[in-house]
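**Student:** the amino acid sequence is not available; the structure is as follows:
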């Protein structure tokens, strides 16, 4: 998430209020790659690959062009099994944006195992294109509360909460815990980040 935040900062004041999600995601990934490939990049970026619109193979009945595509995939490179962190992005710009964020093409992709089936964590990014982050955080928090059963929220979690993120420069990150609907996949922690594009 830190690299996404830095990529967002590097894009600067470019007006993306009317931009579609793939355009914004493409710009973020392009900028993230540039940051990771700088000569003086931090050591932790050396073994990190950032991929845009990557097809996923976690659903055996979806092959070829029918495979779902995650918006951003971070891959830890090196020998052996490569850890992945999947991020789904949604625009926050109109009255039904909260439903899309929590719906079948949003967070439910993680709950069904279509995304991140092999990993215990993932991320959601809201592209704020109207109002401000505070307004959308409040709307998403309320939307989360009213959908707790549908979202299979873990027992003992009253609502989503501020994440104990190790780097304060990331800004306000929230987290939620969900029991995935596909048997055997267990729980997944989802980190939520809002980025303003206006």
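**Tutor:** Received it, and whenever you're ready, just let me know what you need. Computed from a prediction, not measured in an experiment: that's the story for all the values here. Numbers count the residues shown, from 1 in each chain.
**Student:** beta partners for residue 153?
**Tutor:** residue 178 (DSSP bridges).
**Student:** that one - how many residues pack around it?
**Tutor:** Close neighbours of residue 153, defined as other Cβ atoms under 10 Å, add up to 19. Glycine gets a C-beta too; all of them are placed from N, C-alpha and C.
**Student:** any idea how far residue 68 lies from residue 134?
**Tutor:** Computed as Cβ to Cβ, to the nearest Å, the residue 68 to residue 134 distance reads 31 Å.
**Student:** longest helix of the chain?
**Tutor:** The residue-count maximum for a helix in the chain (DSSP state H) belongs to helix 21-36.
**Student:** packing partners of the lowest-mean-pLDDT helix or strand in the chain?
**Tutor:** Ranked by mean pLDDT, DSSP states H and E, the weakest helix or strand in the chain is strand 161-162, scoring a mean of 82. Counting by 3 or more Cβ pairs under 8 Å, 6 or more residues apart in numbering; DSSP states H and E, the packing neighbours recorded for strand 161-162 are strand 173-179.
**Student:** what comes up buried for the strand it packs on?
**Tutor:** Residues 173, 174, 175, 176, 177, 178 are the ones in strand 173-179 that count as buried (16 or more other Cβ atoms under 10 Å).
**Student:** hang on, the last one packs against residue 111?
**Tutor:** What it means is residue 178. Yes - under the criterion of Cβ atoms under 8 Å, residue 178 makes contact with residue 111 at 5.6 Å.
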